[in-house]
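Peer 1: Next one to model:
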Amino acid sequence: MNCVTMIKKSICVAFAALCIALPLCAASATVVSAEGKVEVERGGTWVPLSANDTVSEGETVSTGFKSKALLRYQGSVLQVGALTRITLEKLAEGEKNDTVAVYLNTGAIKSTVQKTENRRVNYTVRNPVAVASVRGTEFDFAGDGAISCADGAVVTYSARLFDASAASEAPSEGESNAATPATDIAPAAPAGAVVVLQGQAVAFTSDGMSSSPAQSASAAASQVAATVSTPVETESVSTGAAGSAGAAAASEVIAKNTGTIKVRVAFDD
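Peer 2: Below you'll find the model as predicted:
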């Protein structure tokens, strides 16, 4: 009898340990909207997605031509553009932190990471070229390695420096500005990581960073400045003999007050 009791206790302990190890439910994102051809890969088959469907951690979402989708996980919203394929590498909810990791296979996405009281969000998007980690931010990430920030701040660096095992820590509390260290936003950011602020952009190649945020902004401003010029005012000037009978006075149009505006734009790295 004692032997039977011990076996039962052992089974109960093992079962309890298994229940603790397993999550209560699989983490998933909700499809807010889906237009056109939007699918998820499940068991080797592509399944159509519609509003209110869910996409689980580890699944891949694909959009077709003239198609788009909007996904939501906790307070984070992911806009998936046309001809885009993403994999939800990580969706996890902790006691005080949320973790979202997205792999951009191809195409372009826009992420909006909402700040939630008493919770921090570790949000990372990467592709074969670059990595972007954020803190309360709205940003665009394109498959060609171009990353632009519309609000907040984004830490960016070459995908060659990405370490998945070190990318799970949530960002520090507080607002981001030009003096914010990269490690405050992305604690696992490697040396040389660049903070991209609101209105700035950065571009990466397979060899590493190809432009700094200041260079990108300066190039855009210089392109606008090069197209700015003052309007040209003209006047007629008589060149003929005014007193001759029957002689018509010839006239010539010349430019008056012609000039250009020179714009000097400077950015600090």
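Peer 1: Report the residue spans of the chain with pLDDT below the cut-off.
Peer 2: 1-26, 115-118, 165-178, 209-212, 214-269 (pLDDT under 70).
Peer 1: mind listing the helices for it?
Peer 2: 2-21, 182-185, 213-225 (DSSP state H).
Peer 1: So residue 111 versus residue 103, what's the distance?
Peer 2: Relative to residue 103, residue 111 is positioned 13 Å away (C-beta to C-beta, to the nearest Å). Placement of C-beta: from N, CA and C, glycine included.
Peer 1: which residues do these two both contact?
Peer 2: Counting by C-beta atoms under 8 Å, 6 or more residues apart in numbering, the shared contacts of residue 111 and residue 103 are residue 125.
Peer 1: which residue packs closest to residue 54, ignoring adjacent ones?
Peer 2: Nearest residue to residue 54, sequence neighbours excluded (C-beta to C-beta, 6 or more residues apart in numbering): residue 28, at 4.2 Å.
Peer 1: Surely the one you found touches residue 91?
Peer 2: Yes. With contacts defined as C-beta atoms under 8 Å, residue 28 counts as touching residue 91 at a distance of 6.6 Å.
Peer 1: quick one, phi/psi of residue 52?
Peer 2: phi 80, psi 0 (degrees, to the nearest 10).
Peer 1: Run a quick neighbour tally on it.
Peer 2: 10 (other C-beta atoms under 10 Å).
Peer 1: Repeat that for residue 133.
Peer 2: Neighbourhood size, residue 133 [other C-beta under 10 Å]: 26.
Peer 1: Equivalent analysis for residue 59, please.
Peer 2: Around residue 59 there are 17 residues (other C-beta under 10 Å).
Peer 1: Then the one 3 residues further on?
Peer 2: Residue 62: 22 surrounding residues under other C-beta under 10 Å.
Peer 1: if I look at the residue lying closest to it once chain neighbours are set aside, how far off is residue 60?
Peer 2: In space, and not counting its chain neighbours, residue 62 is closest to residue 85: 4.6 Å by C-beta to C-beta, 6+ apart. Counting by C-beta to C-beta, the separation of residue 85 from residue 60 is 6 Å.
Peer 1: shared neighbours of these two, anything?
Peer 2: residue 105.
Peer 1: follow-up on the earlier one: counting neighbours, go ahead and name the busier of residue 28 and residue 91.
Peer 2: Applying other C-beta under 10 Å to residue 28 and residue 91 shows that residue 91 carries more neighbours, namely 22 against 16.
Peer 1: Surely that one touches residue 30?
Peer 2: No. Using C-beta under 8 Å, residue 91 makes no contact with residue 30, being 10.9 Å away.
Peer 1: Show me whatever sits in contact with both of the two.
Peer 2: With C-beta under 8 Å, 6+ apart as the test, residue 91 and residue 30 both reach residue 73.
Peer 1: In terms of neighbours, single out the busier of residue 111 and residue 103.
Peer 2: Legend: neighbour count by other C-beta under 10 Å for residue 111 and residue 103, higher for residue 111 (23 against 16).
Peer 1: partner residues bridging that one?
Peer 2: Beta bridges link residue 111 to residue 78, residue 139 when assigned by DSSP bridges.
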